[in-house]
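# Below are the sequence and a predicted model; questions follow.
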Amino acid sequence: MDFDLTDDQRLLKDSVDRLIADRYDFEQRKKARTEKDGWSRAMWAQFAELGLLGLPFAEEHGGFGGGPVETMIVMEAFGRGLVLEPFLATVILGGGLVRRLGSAAQQDALLPQVAAGKLLLAFAHVERFSRYDLSDVQATATRAGDGWVLNGEKSVVLHGDCADKLLVTARTAGGRHDRAGIGLFLVDAAAAGVSRKGYATQDGLRAAEVAFANAPAEAVLGDPGGALPGVERVVDEAIAAICAEAVGLMQCMHDITVDYMKTRQQFGRAIGSFQVLQHRSVDMLVALEQARSMAMFATMMAADEDETIRRRSVSAAKVQIGRSGRHVGQEAVQLHGGIAMTMEYKVGHYFKRMTMLEMLFGDADTHQKIVSEMGSLF
Amino acid sequence: MDLNFTPEEIAFRDECRRFFRQEFPEAIRRKVLEGQHLTREEIVTSHRLLNARGWATPNWPKEWGGQDWSPVQLYFYQDEMQQAGVPSPLGFNTSMVGPVIAQFGNLATKERFLAKTANLDIWWCQGFSEPGAGSDLAGLRTRAERRGDTWVINGQKTWTTLAQHADWIFVLCRTDPAAKKQEGISFILAPMDTPGITRRPIQTIDGGHEVNEIFFDDVVVPAENLVGEVNKGWDYAKFLLGNERTGIARVGFSKARLKRIRELASLEHVGSHRIIDDPKFREKLSAVEIELKALEMTQLRVVAGDRKRDKGKPDPASSILKLKGSQIQQTSTELLMEVVGPYVMPFAMSDEGSGRNETGYGPDYAAGAAPAYFNTRKVSIYGGSNEIQRNIIAKAILGF
C-alpha cells in the first residue's frame, strides 16, 4: 500500500506541470478560446509531442502505455490549467472506447492517429431524455447491406463540433432501457446524414447537438448488441479522470482563496485575520482532502476487473467529488466577495468548470443512489 | 500507487483480527459496539489481555515494552481492535502519562511506574482542564509550591475522566506564577488517596458518569513526583497530545458502528418494509459510508506518509483526521437513533456497577442509542475542540 508515484510517473508529472505553469496561464487560455475551434491547435500539437495524446494507449499504437495513475496526473494538471482542449473527449472517451471495444485492426488504424494528434474523436451517447442512464438509448442502427445506418439525435456531445469521427451508441435490438441490444458505431462526422450544431458550454469548452438521418456507419466496434459493458467501463474510467481534474480545480480554488484572504484589506486589516473566515477556509481544505482521497481511490479502482467493485467505488468517488466540489466552489466565491462574480477573475472560471464536472456523467445524488443500492461500501 | 498490502502485513492484520475477535470476551465487545459504558473490572480485564501479549503499549520505546511496529502494523492493530469492539487500552496510561514518563522521566521514575502503568496496576487519570482553562489550557491556575522536599498543590481540575477508578493523577500545575503563560507549568504525579484530594462526580447528559471534578486542598506530594524538569510541563503536555495521529479518527470504530446500524435497520420495520429497504434511509447511511471511506483513504495516505518528501511540514491530511472523524462518529449516532425509533425514549441512569443503562423497555439494543448520541457530542469538544483544530490548521497549514 502506497500513494507514491514511480520515477516515470514523477517525470510525467513534472513535465505536465511545467507545461501548464509555463504555457497555460489565464491570458493564454482566454486567447485560445477565441480561436476557430474554441481551443488551441498549437497546444494540441504540443500535447502530442509530449506523448500525452497516446497516454493510455499501448506502445505499438504510438502510446505511452500509461494506466489510471498516469491519467490522474495529467487530468489533475489540466484541472489546474482549466485546459480547453478535447483531451477527455478524444483520448479518454474516444480512445478508451476504441481500446476497449475495437478490434485489433480498428485499434491499429485509429489509435496511432489519435496519439499523433491527427484525429479528433467524440463520444455521442447522451440523448434528450436519457440523462445519466447509460442503458437508455433510443437512437437506432439498422442493417444496410454490409453496413449499418444510424438514425436519432445525440445531446451535449463533448467536443462534438470539432471531432473528425464520432463514436455513437445506437440500438440494434430491444427496448429503450434494455441493457442488451446496444452497439457502438464509428461515424465520420462529415458523412451524409450527420448534422451538428456546436456551441460553447458554461465552462468555456465546447459541445454539440448531433443528429443522424440515415447516416452510414464506417464501422461497428465489437458486438453490435453488446457494447454496454464496455461503454460502462470507459465511462467509469472517464469519471475517475474527471475526479482527478476536479481535485486540480479545487486545489487552485483553495490556494487562490487563501492567498486572496492574506492580501485583501478591509477594516484596516487582511480579511484572513478574521477567525470566521479562517475556519471556512479550513473546511474547504477538509473537503478538498476528502475529495483527493476519493479521486485516488477511484484511480486505483477504475481498472478493477470486478464490475461491481469498480462501479461502486467510482460512484462513491463521484459523490464525494460532487459534494466537495460544490462546497469548495461556493465558498471560494463567497470568501472572495464581488470580484469572484466577474468573468475577468480566475476563480469564477474554476467554479464554472467544477460545476459542470459535478453534472457530467451523473450528479452526486444520482451516484449516491447507485452506491446505496449496491449495499455496504465496507 | 496501490492499495495492496504485503503478505506479511496481511498476515499481521489477520492475526490482529483473530486475537481481538477470539480472545476477548464477547460481552465486553458487544457493550462497546452498542455504546454501553464498561465497568472498571471489564476495562482492567481487557487491558490486561492486551498487555499479557505486550499489545497494550505498542508505541512505547521498545526497552519499556513497546513493539517497534511499522505505521501499517499500528494501523491494523487500531483498526482491527476498533472494528472488533475491543476497548482501547486505557489512554491515560498508554498514550499519555506512560510515553511522557518514558520520554522525559528519570530512571527512578521509569522503574517505579512504567511496568505498573502498562499493566493497569496503576490506573491514571488526567488533571489538565480547569473550570477556567478549557480550550485555553495554558490559562490553568492550579498551583504547586515547593516546600522543602515536597510540592504543595492547591486548585481544581475538571472533566477528569474515570477518576472514580483512578489510583493516581498526573497534574499540570503552575509552578512559576511570574513566568509567561506556557512557561511556568510543571507535570506532577499524585496518588488519588493523598489527603486534601476530593472528587465530585459530574453526571453527563447521557445519564452516565464518566467525568469528575477534582479539588486539591494543600495536597502534599514528594518532590520526586515531578516528571522531568520544573516549568517544562507545557512541552510535555504538547508532546502527549500530539502523540496519537491516526487512531484519533476512529475509522475502525465507525466502520463497526455503521455495520451495526445496517444490521439493526434490517430488524426494524416501518409499516410492511424494513428500514434498510427505505431508499431515503439507505441513501443517508450510504452517504456516511462514503465520507468514512474517504476518511479511511485519508488515513491510509497519512499511514503511507505520502508527503514524506516534505518532512518538516505537517501533513494536511493528518490534521483533518480528528475533525472529520468526530463528525462521522456524531452523524452515525443520529442514524442509530433514527433506526431505533420510539424506543429511544425510555431513560435509565447508568448503573456504575454493571455499566449498563438498560431500561427494561423495548428491544435490548434500544437503550444505548440516545445515550450514544448524547455522549458522542463530546468527541468534537475534547482533546482540542473542532474549533481549536481549525485554528491549528489555519495557522500551521494555511499560514494565517
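The structure has been received and is ready for your questions. Because the structure is predicted, anything quoted here is derived from the model rather than measured.
# Looks to me like B:I188 is in a helix.
No - per DSSP: H, G, I helix; E, B strand; the rest coil, B:I188 lies outside any helix segment and is strand.
# quick one, what contacts it?
The neighbours of B:I188, taking Cβ atoms under 8 Å, 6 or more residues apart in numbering or on different chains as the test, are B:A144, B:W151, B:I153, B:F170, B:V171, B:C173, B:V221, B:N225, B:L226, B:V227, B:G233. Just so you know, the C-beta spots here come from the backbone N, C-alpha and C atoms, and that holds for glycine as well.
# Need the three-state assignment for the third one.
Same thing as B:I153. What three-state DSSP gives for B:I153 is strand.
# Can you name the residues of the stretch 1-150 of chain B that neighbour chain A?
Neighbours of chain A within the stretch 1-150 of chain B, by Cβ under 8 Å from any Cβ of the partner chain: B:M1, B:D2, B:L3, B:N4, B:F5, B:E9, B:V72.
# What is the three-state secondary structure of the fifth one?
Going back to what we said before, that points to B:F5. Here B:F5 is recorded as coil under three-state DSSP.
# can you pull the contacts of it?
By Cβ under 8 Å, 6+ apart, the contact set of B:F5 is A:M1, B:R13, B:V72.
# cool, B:F24 as well?
B:F24 makes contact with B:S46, B:L49, B:A84, B:V86, according to Cβ under 8 Å, 6+ apart.
# Also B:P363?
Neighbours of B:P363 in contact, by Cβ under 8 Å, 6+ apart: B:L267, B:V340, B:Y343.
# Could you identify the longest strand within chain B?
Assignment by DSSP state E gives strand B:211-222 as the longest strand of chain B.
# any idea which of the contacts of B:F24 is the one closest to chain A?
Ranked by distance to chain A (Cβ to the nearest Cβ), those are led by B:A84 at 14.1 Å.
# My guess is that closest one contacts B:R18. True?
No - in this structure B:A84 lies outside contact range of B:R18 using Cβ atoms under 8 Å: 9.9 Å.
# which residues touch whatever residue of the stretch 51-200 of chain A ends up closest to chain B?
The minimum distance from the stretch 51-200 of chain A to chain B, using Cβ to the nearest Cβ, falls at A:V69 (5.1 Å). If a contact means Cβ under 8 Å, 6+ apart, then A:V69 has A:L5, A:Q9, A:T299, A:M300, B:M1 as its contacts.
# hmm, try it at 10 Å
A:V69 makes contact with A:5-6, A:9, A:12-13, A:244, A:296, A:299-300, A:302-303, B:1-2 under the criterion Cβ atoms under 10 Å, 6 or more residues apart in numbering or on different chains.
# all strands of chain A, in order?
A:121-124, A:140-144, A:147-158, A:165-171, A:182-188, A:194-200, A:206-216, A:219-221, A:265-266, A:269-270.
# Would you mind listing the buried residues in the longest one?
Buried residues in strand A:147-158, defined by neighbour count with 16 or more other Cβ atoms under 10 Å in any protein chain shown: A:W148, A:V149, A:L150, A:N151, A:G152, A:K154, A:S155, A:V156, A:V157, A:L158.
# quick one, domains of chain A?
Domains of chain A are assigned by automatic domain parsing as A:7-118, A:122-225, A:229-373.
# which of those domains is buried the deepest?
Each of the domains of chain A was scored by mean neighbour count; the highest is domain A:229-373, a mean of 21, by mean count of other Cβ atoms under 10 Å in any protein chain shown.
# Show me what from the stretch 51-200 of chain A comes close to chain B.
Within reach of chain B by Cβ under 10 Å from any Cβ of the partner chain, the stretch 51-200 of chain A has these residues: A:G67, A:P68, A:V69, A:M72, A:I73.
# Now do the third one against A:K154, distance only.
Using Cβ to Cβ, to the nearest Å, we find A:V69 at a distance of 31 Å from A:K154.
# Repeat that for the second one.
When Cβ to Cβ is the yardstick, A:P68 and A:K154 sit 27 Å from each other.
# what's the answer for the fourth one, then?
Distance, A:M72 to A:K154, by Cβ to Cβ: 28 Å.
# follow-up on the earlier one: now render the buried residues of strand A:147-158 as CSV, adding pLDDT.
Below are those laid out as CSV (pLDDT from 0 to 100):
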residue, pLDDT
A:W148, 98
A:V149, 98
A:L150, 98
A:N151, 98
A:G152, 98
A:K154, 98
A:S155, 98
A:V156, 98
A:V157, 98
A:L158, 98
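# Next one, pLDDT for residue 51 please.
No chain specified, so I'll use chain A. With respect to pLDDT, A:G51 scores 96.
# Correction: the question concerned chain B.
Listed pLDDT for B:N51 reads 97.
# Next SSE downstream of whichever helix or strand it is part of?
In the assignment (DSSP states H and E), B:N51 maps to helix B:40-52. Going down the chain from helix B:40-52, the next helix or strand is helix B:71-84, by DSSP H and E.
# Who are the packing partners of that following helix?
Counting contacts by 3 or more Cβ pairs under 10 Å, 6 or more residues apart in numbering or on different chains; DSSP states H and E, helix B:71-84 is packed against helix B:7-22, helix B:26-33, helix B:40-52, helix B:251-267, helix B:279-304.
# For it, give the mean pLDDT please.
pLDDT averaged over helix B:71-84 gives 94.
# List the buried residues of it.
By neighbour count with 16+ other Cβ under 10 Å, helix B:71-84 contains the buried residues B:72-84.
# Out of those residues, which is nearest to chain A?
Chain A lies nearest to B:V72 out of the buried residues of helix B:71-84, by Cβ to the nearest Cβ, at 6.8 Å.
# how much space is there between the closest one and B:E8?
9 Å.
# mind listing what B:T194 touches?
Contacts of B:T194 (Cβ under 10 Å, 6+ apart): B:I153, B:W168, B:I169, B:F216, B:V219, B:V220, B:V221, B:N225.
# cool, and B:V340?
Residues near B:V340 by Cβ under 10 Å, 6+ apart: B:261, B:264-265, B:268, B:275, B:362-363, B:365-370, B:372-373.
# Read off the pLDDT value for A:M43.
Listed pLDDT for A:M43 reads 97.
# Spatially, and excluding backbone neighbours, which residue is closest to it.
In this structure, A:M43 finds its nearest non-sequential neighbour in A:E85, 5.8 Å apart by Cβ to Cβ, 6 or more residues apart in numbering or on different chains.
# ditto for A:A364
Distances taken as Cβ to Cβ, 6+ apart place A:G322 nearest to A:A364, at 3.2 Å, with adjacent residues excluded.
# before we move on, back to that, now the helices and strands packed on helix B:71-84 in JSON lines, with mean neighbour count?
Below are the helices and strands packed on helix B:71-84 laid out as JSON lines (neighbours: other Cβ atoms under 10 Å in any protein chain shown):
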{"stretch": "helix B:7-22", "mean neighbour count": "15"}
{"stretch": "helix B:26-33", "mean neighbour count": "17"}
{"stretch": "helix B:40-52", "mean neighbour count": "18"}
{"stretch": "helix B:251-267", "mean neighbour count": "20"}
{"stretch": "helix B:279-304", "mean neighbour count": "22"}
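# Could you pull up the contacting residues of residue 122?
This is for chain A. Residues counted as contacts of A:A122 (Cβ under 10 Å, 6+ apart) are A:86, A:88-90, A:93-94, A:154, A:157-168, A:189, A:196, A:206-208, A:210.
# Please refer instead to chain B.
Contact partners of B:I122, counting by Cβ under 10 Å, 6+ apart, are B:N93, B:V97, B:R112, B:F113, B:L114, B:A115, B:K116, B:A166, B:D167, B:W168, B:L189, B:P191.
# what residue lies at the spatial centre of chain B?
B:G91 (5.7 Å; Cα atoms, centre = their mean).
# list the contacts for residue 292?
You didn't say which chain, so I picked chain A. With Cβ under 10 Å, 6+ apart, A:R292 has these contacts: A:3, A:76, A:243-244, A:246-248, A:250-251, A:320-321, A:324, B:294, B:297-298, B:301, B:316-317.
# To clarify, I was referring to chain B.
Residues counted as contacts of B:L292 (Cβ under 10 Å, 6+ apart) are A:377-378, B:249, B:251, B:254-255, B:257-258, B:324-325, B:328-329, B:331-332.
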